[in-house]
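Student: What follows is a protein structure lacking sequence information:
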């Protein structure tokens, strides 16, 4: 059975939603529902941390687009962080790498610094 775990934390720019496991036909609704229940304010950026995503099919891609639409309706942005190579390849093939802000990891997407690191 495919499973997905979704958890959120707050960052200065907006919520960070971590997706772990498989994002597919059986689980994509969980991300759609989670994001739909996330309150966003204009100017925020919701980061979808996909670093621990193991698999993503077309239903998962559709859930990512639904997250973008939810954010846009609130006047917010969406960034994808830590996108696995196989998912990034699909995003590039269908042109979604031009639609989503992409970051190598959640920390760079949020601008968060490790504790004790002075600003530059």
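Tutor: Received, thanks. Note that this is a predicted model, so its numbers are computed, not measured.

Student: wait, isn't residue 78 in contact with residue 100?
Tutor: Yes. Assessed by Cβ atoms under 8 Å, residue 78 is found in contact with residue 100 at 6.3 Å. The C-beta positions use only the backbone N, C-alpha and C, and glycine is treated the same way.

Student: joint contacts of these two?
Tutor: 64, 68 (Cβ atoms under 8 Å, 6 or more residues apart in numbering).

Student: If you count surrounding residues, which of these two has more?
Tutor: Just comparing residue 78 and residue 100: by other Cβ atoms under 10 Å the higher neighbour count belongs to residue 78, 24 against 18.

Student: hang on, that one in a helix?
Tutor: No. When classified by DSSP: H, G, I helix; E, B strand; the rest coil, residue 78 is found to be strand rather than part of a helix.

Student: Relative to residue 18, how far out is it?
Tutor: 14 Å (Cβ to Cβ, to the nearest Å).

Student: need the strands for this structure, in chain order.
Tutor: 4-11, 14-23, 45-56, 77-81, 101-103 (DSSP state E).

Student: Please tabulate those strands in CSV, including the columns mean pLDDT.
Tutor: Supplementary listing: the strands of the chain in CSV, determined by pLDDT from 0 to 100:
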stretch, mean pLDDT
strand 4-11, 96
strand 14-23, 97
strand 45-56, 97
strand 77-81, 97
strand 101-103, 96
